[in-house]
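>>> Just need the structure, nothing else, for what follows:
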Amino acid sequence: IKSQSERWVAGERRVDCVKCLLMRLLRRKCTFLVDILGLSLLFVLGCMVVFEFWSGPNHGVADTFLSAEDLRESPGGSLKVPRTVAVALTEGTETNTPNEHCTMGRCFDVTRCKRGGLKVYVYPDAEGRKVSPVYEKILKVLRASSYYTPDPAEACLFVPSWDTLDRDKLSDNFGKDLPQLSKLQYWNDGRNHLIFNFYSGSWPDYTETLDFDTGKAILAKTSFNVQHYRPGFDVSIPLVHDSLPEKGGDPGGLSNSAKVFPIKRKYLLAFKGKRYMYGVGTETRSSLYHMHNSEDIVLLTTCKHNSDWQKHQDERCVQDNELYDRYDYTDLLINASFCLVPRGRRLGSFRFLEALQASCIPVSMSNGYVLPFQDVIDWRKAALVVEERQLLQVPHVVRSVPSYQVLSMRLHTQFLWETYFSSIEKIVTTTLEIIQNRLEPRSSFVWNRKPGGLSFQPNFSPYPRDYPFYAPQRVAHPGITNYTAVITCTRPAVKGTSSLVKLVKSIASAPHLHKVIILWAGSGPPKVSIPDLGVPIIIRQKNLRYALTGQFWPLLDVKTDGILHLNENVELTSDEAEFGFATWRSFPERLVGFVSHKHFWDSVHLKWGYTSRATNEFSLVLTGAMFYHRYYGYLLSKTLPPAVHKLANKNHNCLDIAMNFMVSQITGKPPIKVTHKKELSKLVQESSSSAQKQQSDRVSCLNMIVSAYGYVPLQFSAVRMDPVLFKDNVSMLRKEYRRLEVI
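Numbers count the residues shown, from 1 in each chain. As a prediction, this is how the structure comes out:
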């Protein structure tokens, strides 16, 4: 009872305390409300100040810079750096671009692209009109590509032949008297038209407004500002030199693996360029001397770039010019970890691609600049973007990037350079594929991982797991557990002694063989009779005489990713087939063949040569006995350059070379040779004249394909895959592929 009473008393005291508190609050209600309002106002003002500090005054694109979270990823977790700034163009931002609200739905007729895909029609050249060197390359690339169609009725996209690249009236390449684009036959207010432009505006303000009406056309433009850029419609392209090759392109600065180390180079941050004394682009470059220390940060400017520079020089010009002449620009690029890319007269700069090629991480300082192809490229993996007002924080930012991330970013610059930027062809192809990507979206994953978005064809499959490049996706893929043998046949095979019947009998016992497909390419109905061998055998009639590439993609019957392509006169055992398949499963992105050949440079005749002799290295494998991923069959049939496709369909020797070129271009790797087989068949004995003609055909095809590609993507290898215990002096019972040793 006592304890119960005590609890009641305590409860009453608590009630009294609450009442007392409420009375005091009521007495001070006015003061209390004022305090709450004051604190709220201070909180809002504080948030605004913090937001201004972190975000800056301009609007850019949020995923074009290395985020603070990325920079903070260090093993110790204690790294703190100032956050770099780039903000996104918000919906509803007003621009002064005509048809500023254009989207693919409003200003583009998508139905034209459903007829035959992204086909491009280039208007005929106008007589008497000059074309700049770069635009001439663009037109050549378009007309030689698999996108091109000479029939405007088939076209999804139209490109004017009138040069619209340079609209700076003070430039030597300025196209005077440019006709109105509305005079183009299929203009239709610019719908489904693509216009390329490098320079817009001129001294003194360098405005982005073009001096001609673009209508509802898509702009592929350099130096795009977020205020004029129409996301999801326009394409931001890089500024390039006239010397950039039409096809192929120079390798990146890390083409030799020995150049990867040391991770941090001699210079941490470097820049060498003009300093403007007046006009647009003067502020940032005039302040670089504050950070220069002549040790690990080398930032050089010169005033000597106009005939009247002495009239405008300041007290620092003489010293800057002397320091500028001490350093070589190329040496700075290849020996710096980070390269500063401040804006010049325009937002874009040649220096961006120069740094990218040299594996020097670009540090872009150009407020509002839309980075090249940023719709699909994740520039956080290869570049930093810093607001111009945060210039003096750049040394602290670059010092804060951990070494492992510097290495990762430098390697990624090489992937981007070699995949999207090293030639006019790659820049144009990337532009077209970005437009295609808006019609048939593909994952950002494929654009930012080798081999890149240009090697991913959504028409084949929208799923990365169906492609040979992506290891995490292919590990448990059911299509990789078995393979299909596809055998081309041109001669009757009705007797058990025929080479085709012998070949099928030889491989039929292979445990991983799913089915055999025989493609009859002879005249008349198929003259093939194969006995029941316990494996499904399908005979298909197909005229391959004028469409040799079709034998690699005929095939609704193929349900496996792995395909063993064979000629009818090949001699191959089940052990060879099984070991070849086991090797291919480990390298599904590469060609795996049994007979190898080699290309070389013939310095006597000054052209590429071809040899079938056994040497210590090789660069091609023959398609007559070869494993490949079915996706390569699709590419060979659908996406080869027209000139190469025509060659491959006329001559089987050209087909071998075209297949190896295509795969090596995508992977950057050589094929794989298995077993010590040196010939495909012992049954076919060619005469010396026939062998000479075959050799002559191969040399001719090789040089024509090199001309079409613009370079040689083939890679050399000196490695041959053999089974474990191959030729070892142990019991044959311990060896899995026993018959390989008697070949």
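>>> Skip ahead from the lowest-mean-pLDDT helix or strand in the chain and say which helix or strand is next.
In the chain, no helix or strand scores lower on mean pLDDT, DSSP states H and E than helix 68-71, which sits at a mean of 39. Stepping forward along the backbone from helix 68-71, the first helix or strand reached (DSSP states H and E) is helix 104-107.
>>> Identify the residue nearest C102 in space, chain neighbours excluded?
Nearest non-adjacent residue to C102, counting by C-beta to C-beta, 6 or more residues apart in numbering: F233, 5.1 Å away. Bear in mind the C-beta positions are built from the backbone N, C-alpha and C, glycine included.
>>> hmm, I was thinking of L157
Here the nearest residue to L157 in space, its sequence neighbours aside, is V120; by C-beta to C-beta, 6+ apart that works out to 4.7 Å.
>>> Just confirm that neighbour contacts A155, I think it does.
Yes. With contact defined as C-beta atoms under 8 Å, V120 reaches A155; the gap is 6.5 Å.
>>> residues shared between the contacts of those two?
Listed contacts common to V120 and A155 are T149; contacts here mean C-beta atoms under 8 Å, 6 or more residues apart in numbering.
>>> Can you get me a residue count around the residue nearest to L157?
Residue neighbour count, defined by other C-beta atoms under 10 Å, stands at 21 for V120.
>>> before we move on, back to that, how about the contacts made by the residue nearest to C102?
By C-beta under 8 Å, 6+ apart, the residues touching F233 are 102-104, 107-108, 218.
>>> do that again at 10 Å, thanks
Taking C-beta atoms under 10 Å, 6 or more residues apart in numbering as the definition of contact, the neighbours of F233 are 99, 101-108, 216-219, 375, 435, 438.
>>> Quick check: it vs D697, distance?
Separation of F233 from D697 (C-beta to C-beta, to the nearest Å): 48 Å.
>>> go on, L533?
When distances are taken as C-beta to C-beta, L533 and D697 turn out to be 36 Å apart.
>>> Am I right that K264 is in contact with L407?
Yes. Contact between K264 and L407 holds when scored by C-beta atoms under 10 Å: they sit 8.9 Å apart.
>>> Mutual contacts of the two, please.
The contact lists of K264 and L407 share S337, where a contact means C-beta under 10 Å, 6+ apart.
>>> Which parts of the stretch 501-650 of the chain are helices?
Assigned by DSSP state H, counting those that start in this stretch, the stretch 501-650 of the chain shows helices spanning 574-586, 630-638, 642-650.
>>> Just want the angle from the second one to helix 642-650.
Read it as helix 630-638. Put simply, helix 630-638 runs at 100 degrees to helix 642-650, going by axes from the mean of the first three to the mean of the last three C-alpha atoms, to 10 degrees.
>>> From the contact counts, what lies against helix 630-638?
If you count contacts as 3 or more C-beta pairs under 10 Å, 6 or more residues apart in numbering; DSSP states H and E, helix 630-638 packs onto strand 483-489, strand 562-567, helix 642-650, helix 652-667.
>>> May I see those arranged in CSV, with mean neighbour count as well?
Listed next are these as CSV, based on neighbours: other C-beta atoms under 10 Å:
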stretch, mean neighbour count
strand 483-489, 24
strand 562-567, 24
helix 642-650, 19
helix 652-667, 23
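>>> Those: which one's closest to D320?
With respect to D320, and counting by C-beta to C-beta, the nearest of these is helix 652-667 at 44.9 Å.
>>> Just checking: what are the partner strands of the following helix or strand past that closest one?
Of the helices and strands lying after helix 652-667 in sequence (DSSP H and E), the nearest is strand 672-674. In the sheet containing strand 672-674, its partner strands are strand 592-593 (parallel), strand 720-721 (parallel), by DSSP bridges.
>>> centre of the chain versus the last one, how much separation?
Put simply, strand 720-721 sits 30 Å off its chain's centre (C-alpha atoms, centre = their mean, to the nearest Å).
>>> what does it rub up against?
Contacts for strand 720-721 (C-beta under 10 Å, 6+ apart): 579-580, 582-584, 586-587, 592, 596, 618, 672-676.
>>> Give me the mean pLDDT for it.
In this model, strand 720-721 has a mean pLDDT of 89.
>>> thought A510 was touching G562?
No. A510 is beyond contact range of G562, at 11.9 Å (criterion: C-beta under 10 Å).
>>> which residues of the stretch 451-600 of the chain score low on pLDDT?
471-479, 494-497, 542-551, 553-555 (pLDDT under 70).
>>> hmm, 80 instead?
By pLDDT under 80, the low-scoring segments of the stretch 451-600 of the chain are 471-480, 490-497, 521-531, 541-557.
>>> same question, the stretch 301-450 of the chain
By pLDDT under 80, the low-scoring segments of the stretch 301-450 of the chain are 305-312.
>>> in it, which spans are helices?
If you assign secondary structure with DSSP H, counting those that start in this stretch, the helices in the stretch 301-450 of the chain sit at 309-312, 317-324, 329-334, 350-357, 394-399, 403-416, 424-439, 444-447.
>>> Just put those in CSV and tack on distance to S506.
Formatted as CSV, the helices of the stretch 301-450 of the chain follow (distance: least, C-beta to C-beta, whole Å):
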stretch, distance to S506
helix 309-312, 80
helix 317-324, 72
helix 329-334, 55
helix 350-357, 51
helix 394-399, 62
helix 403-416, 43
helix 424-439, 43
helix 444-447, 39
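>>> looking at the ones you listed, which is closest to N649?
Ranking the helices of the stretch 301-450 of the chain by their distance to N649 (criterion: C-beta to C-beta) puts helix 424-439 first, at 22.2 Å.
>>> Report the distance from that closest one to the chain centre.
For helix 424-439, the distance to the chain centre is 10 Å (C-alpha atoms, centre = their mean).
>>> Tell me the buried residues in that helix?
For helix 424-439, the buried set under the neighbour-count rule, 16 or more other C-beta atoms under 10 Å, comprises 424-438.
>>> out of the helices and strands packed on helix 630-638, nearest to N192?
Nearest of these to N192, taken as C-beta to C-beta: helix 642-650 at 22.0 Å.
>>> tilt between the closest one and helix 652-667?
Computed by the same axes, to 10 degrees, the angle between helix 642-650 and helix 652-667 is 140 degrees.
>>> just checking, what packs against helix 642-650?
Contacts of helix 642-650 with other secondary structure elements, assessed using 3+ C-beta pairs under 10 Å, 6+ apart, are made with helix 133-144, helix 630-638, helix 652-667, helix 688-709.
>>> Please write out the alpha-carbon positions of the last one in PDB.
Spelled out, that is helix 688-709. Once side chains and other backbone atoms are set aside, the C-alpha atoms of helix 688-709 remain, and they are given as PDB (Å, rounded to 0.1, in the frame of the first residue of the first chain):
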ATOM      1  CA  SER A 688      51.600 -25.300-108.000                       C
ATOM      2  CA  SER A 689      49.700 -23.000-110.400                       C
ATOM      3  CA  SER A 690      46.600 -23.200-108.200                       C
ATOM      4  CA  ALA A 691      48.600 -22.500-105.000                       C
ATOM      5  CA  GLN A 692      50.200 -19.500-106.700                       C
ATOM      6  CA  LYS A 693      46.800 -18.100-107.700                       C
ATOM      7  CA  GLN A 694      45.500 -18.600-104.100                       C
ATOM      8  CA  GLN A 695      48.500 -16.800-102.700                       C
ATOM      9  CA  SER A 696      48.100 -14.000-105.200                       C
ATOM     10  CA  ASP A 697      44.400 -13.700-104.300                       C
ATOM     11  CA  ARG A 698      45.100 -13.500-100.600                       C
ATOM     12  CA  VAL A 699      47.800 -10.800-101.100                       C
ATOM     13  CA  SER A 700      45.400  -8.800-103.300                       C
ATOM     14  CA  CYS A 701      42.500  -9.200-100.800                       C
ATOM     15  CA  LEU A 702      44.700  -8.300 -97.900                       C
ATOM     16  CA  ASN A 703      45.700  -5.000 -99.400                       C
ATOM     17  CA  MET A 704      42.200  -4.100-100.600                       C
ATOM     18  CA  ILE A 705      40.800  -4.800 -97.100                       C
ATOM     19  CA  VAL A 706      43.600  -2.700 -95.500                       C
ATOM     20  CA  SER A 707      42.600   0.100 -97.800                       C
ATOM     21  CA  ALA A 708      39.000  -0.200 -96.800                       C
ATOM     22  CA  TYR A 709      39.800  -0.200 -93.100                       C
END
